[in-house]
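**Q** Please find the sequence and the predicted model below.
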Protein chains: 2
Amino acid sequence: MTMELYYWPGLPGRGEYVRLVLEAVDAPWRDMARLPERQGGGMAGLTAILGDPTEPFTPFACPVLKVGDLLIAQTPLICAYLGETFDLAPDAEPERLFARQIALTTADLAAEAHDVHHPLGAWAYYDDQKPEAQRRAAGFRSQRIPKFLGWYERVLTRNRHGADWLVGARMSYADLGLFQTVAGLRYAFPRRMAALDGQFPAVAAVVGRVAASPRIAAYLASDRRLAFNEDGLFRHYPELDDAS
Amino acid sequence: MTMELYYWPGLPGRGEYVRLVLEAVDAPWRDMARLPERQGGGMAGLTAILGDPTEPFTPFACPVLKVGDLLIAQTPLICAYLGETFDLAPDAEPERLFARQIALTTADLAAEAHDVHHPLGAWAYYDDQKPEAQRRAAGFRSQRIPKFLGWYERVLTRNRHGADWLVGARMSYADLGLFQTVAGLRYAFPRRMAALDGQFPAVAAVVGRVAASPRIAAYLASDRRLAFNEDGLFRHYPELDDAS
């Protein structure tokens, strides 16, 4: 059964968290954002899924994964579903719960990274909230980035199976989420992340390990991988970045 | 086995979502925020749980539920765990996934309600971001509240088991989350919620149904129920409320 991912075309955003899991498990899937509208893709396909008046499990927002007749929304839920279904998650129940917890925390961090450039709401333009974004960015850079990365570092160094992965003895969807988030932070806040270089060695190592895993490496080298840009969660506005 | 909930003392906040599920399932539990510090409660108990250097599944933040040796954090994950463990969740897998999706969306709404009074970050005082809070509040009131409530309304009216509950044929933890969120919105934005009165009848009905369910009614009438206040997620600042 070919799964279908529905997400905004042209930006990595939250959809990229799902794409990475789909690529890593090598399941049959179609990226509807890249298909023409006459094949159910693009914005028309997305609008149809979100607005279908007969759908009982109607999503609040995208990304949405369609698996047969079933729609699943909410990024950390989709990632956990795929990871647990396609063996990219720990087997033991306590570790499964912890992987879900990590994915939820990663989603919180991604939401905070978004709110840096839209502190007054996603419904208003960035250009209309630049001074406020600079104020929010200062606290995000100085307090929140080290707090989150410090937490991942502790999780890695306390993993009973070793610090290679966040939870369990193998790569899981939780590691993919950390990879995408750190890549996004490096894109959006290059000066701050350079200043923090070396402070979270286990995090940096797992990010490199994910990037070097065969299927992810092939995906990152392909034209399927969407580059970060100023429409996504992680945006590089130089005025929001600083070493501290 | 008596479960332990660790959360900030003195405010309902995210902990209240967990308390409602614990009350509804009538499981043995202790609310550590209400116990003295010499019994492992209060701020000292919370700090000890969050800071335990030997804990492999270390939480990023509270609330934290301790079940035997297992710590579970992230509000929607705790609620789903309790609901699925203590029969306050649908049985069928597609509906279980949808209940989790609803809980995640409710957590997003609660986070947005918080960000209304702290748009520049939770690390800065409300008094230092009042004009920005007023700008964010305008969009939250006019756009986000109707968008979220409209989604819950659609979910209820499309439930194949009837509009009594969000998912499945019985009350689930998803309904409890909607109850707490609507109660919080009514507390924080009484003029806006009054203006919307009657527009989301299925939502209003399920909120009343939850409040009237025997265990929740007993809880709400008890001194265990924490009133909303200006330390929590939902804060009543009159300058942030308006009919539109």
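**A** Looks like it arrived, so ask away. Numbers count the residues shown, from 1 in each chain, chains lettered A, B, ... in the order given.
**Q** just checking, next helix/strand downstream of the longest helix along chain A?
**A** Longest helix in chain A, counting residues (DSSP state H): helix A:93-117. On the C-terminal side of helix A:93-117, the closest following helix or strand by DSSP states H and E is helix A:130-139.
**Q** Now do that following helix, average pLDDT.
**A** Confidence for helix A:130-139, expressed as mean pLDDT, is 97.
**Q** Tell me which stretches of chain A form strands.
**A** Counting by DSSP state E, chain A has strands at residues A:3-6, A:29-31, A:64-67, A:70-73.
**Q** among those strands, which is nearest chain B?
**A** Chain B lies closest to strand A:70-73 among those, at 5.3 Å (CB to the nearest CB). From N, CA and C alone the C-beta is placed, and that goes for glycine too.
**Q** Contacts for the closest one next, please.
**A** Strand A:70-73 is contacted by residues A:49, A:55, A:57-65, A:78, A:81, B:94, B:97, B:101, B:105 when judged by CB atoms under 8 Å, 6 or more residues apart in numbering or on different chains.
**Q** make it 6 Å
**A** A:Phe57, A:Pro59, A:Val64, A:Leu65, A:Ile78, A:Tyr81, B:Pro94, B:Leu97, B:Gln101 (CB atoms under 6 Å, 6 or more residues apart in numbering or on different chains).
**Q** Spatially nearest residue to A:Phe189, not counting backbone neighbours?
**A** Closest residue to A:Phe189 apart from its sequence neighbours, by CB to CB, 6 or more residues apart in numbering or on different chains: A:Asp241 at 4.8 Å.
**Q** Now the phi/psi pair for the one you found, please.
**A** When read as degrees, to the nearest 10, the backbone of A:Asp241 gives phi -110, psi 150.
**Q** what's it in contact with, if anything?
**A** Applying CB under 6 Å, 6+ apart, we find A:Asp241 in contact with A:Phe189, A:Arg191, A:Arg192.
**Q** Looking at the contacts of strand A:70-73, which is nearest A:Gln143?
**A** Nearest to A:Gln143 among the contacts of strand A:70-73, counting by CB to CB, is A:Ile78 at 29.4 Å.
**Q** tell me the contacts of the closest one?
**A** Residues in contact with A:Ile78 (CB under 6 Å, 6+ apart) are A:Val18, A:Leu65, A:Ile72.
**Q** isn't the first one right up against A:Val64?
**A** Right, A:Val18. No. A:Val18 lies out of contact with A:Val64 (CB atoms under 6 Å); the separation is 9.3 Å.
**Q** and A:His118, how many neighbours?
**A** Applying other CB atoms under 10 Å in any protein chain shown, we find 20 residues neighbouring A:His118.
**Q** From A:Leu240, how far out is it?
**A** Look at A:His118 and A:Leu240: by CB to CB, to the nearest Å, they are 11 Å apart.
**Q** Next: A:Arg209.
**A** Distance from A:Arg209 to A:Leu240, by CB to CB: 29 Å.
**Q** Which one of these two is surrounded by more residues?
**A** Neighbours were counted for A:Arg209 and for A:Leu240 using other CB under 10 Å; A:Leu240 has more, 21 against 15.
**Q** which non-adjacent residue is nearest that one?
**A** Among residues not flanking A:Leu240 along the chain, A:Ala137 sits closest, at 4.0 Å (CB to CB, 6+ apart).
**Q** Provide the count of other residues in contact range of the one you found.
**A** Residues lying near A:Ala137 (other CB under 10 Å) number 25.
**Q** Over to the nearest residue to A:Tyr187 once chain neighbours are set aside: give its phi and psi.
**A** The spatial neighbour of A:Tyr187 that comes closest, neighbours along the chain excluded (CB to CB, 6+ apart), is A:Phe228 at 4.2 Å. Taking degrees, to the nearest 10, you get phi -60, psi 150 for the backbone angles of A:Phe228.
**Q** What score does A:Phe228 have for pLDDT?
**A** In this model, A:Phe228 carries a pLDDT of 97.
**Q** and if you look at A:Met1?
**A** 85.
**Q** And it, how far from A:Val167?
**A** Separation of A:Met1 from A:Val167 (CB to CB): 28 Å.
**Q** Ends of stretch A:182-200, what's the gap?
**A** From its first residue to its last, stretch A:182-200 covers 11 Å (CA to CA, to the nearest Å).
**Q** what's the offset of that stretch from the middle of its chain?
**A** Relative to its parent chain, stretch A:182-200 has a centroid offset of 16 Å by CA atoms, centre = their mean, to the nearest Å.
**Q** next one: stretch A:83-90
**A** Centre-to-centre, stretch A:83-90 and its host chain are 17 Å apart (CA atoms, centre = their mean).
**Q** Determine if any part of that stretch is in contact with chain B.
**A** No. Stretch A:83-90 lies apart from chain B when judged by CB under 6 Å from any CB of the partner chain; the minimum separation is 10.7 Å.
**Q** related to what we said a few turns ago, of A:Val18 and A:Val64, who's got more company?
**A** Between A:Val18 and A:Val64, A:Val18 has the larger neighbour count (other CB under 10 Å), namely 29 against 25.
**Q** what about the residue located most distally from the centre of chain A, distance to A:Cys62?
**A** Residue farthest from the centre of chain A, counting by CA atoms, centre = their mean, is A:Thr54 at 29.5 Å. Distance from A:Thr54 to A:Cys62, counting by CB to CB: 18 Å.
**Q** for A:Tyr81, same thing?
**A** Remark: distance between A:Tyr81 and A:Cys62 (CB to CB) = 15 Å.
**Q** Touching, A:Lys66 and A:Thr2? I think so.
**A** No. The criterion here is CB under 6 Å, and A:Lys66 misses it with A:Thr2 at 9.4 Å.
**Q** Who has more neighbours out of these two?
**A** Using other CB under 10 Å as the criterion, A:Lys66 and A:Thr2 rank with A:Lys66 on top: 19 against 10.
**Q** Show me what the nearest residue to the more buried one once chain neighbours are set aside bridges to in the sheet.
**A** With CB to CB, 6+ apart as the criterion, A:Lys66 has its nearest non-adjacent residue at 4.2 Å, and that residue is A:Glu4. Judged by DSSP bridges, the bridge partners of A:Glu4 are A:Arg30, A:Lys66.
**Q** Run through the residues that contact A:Glu4.
**A** Going by CB under 6 Å, 6+ apart, A:Glu4 touches A:Arg30, A:Met32, A:Lys66.
**Q** 10 Å - rerun?
**A** A:29-32, A:35, A:40-41, A:45, A:49, A:64-68, A:71 (CB atoms under 10 Å, 6 or more residues apart in numbering or on different chains).
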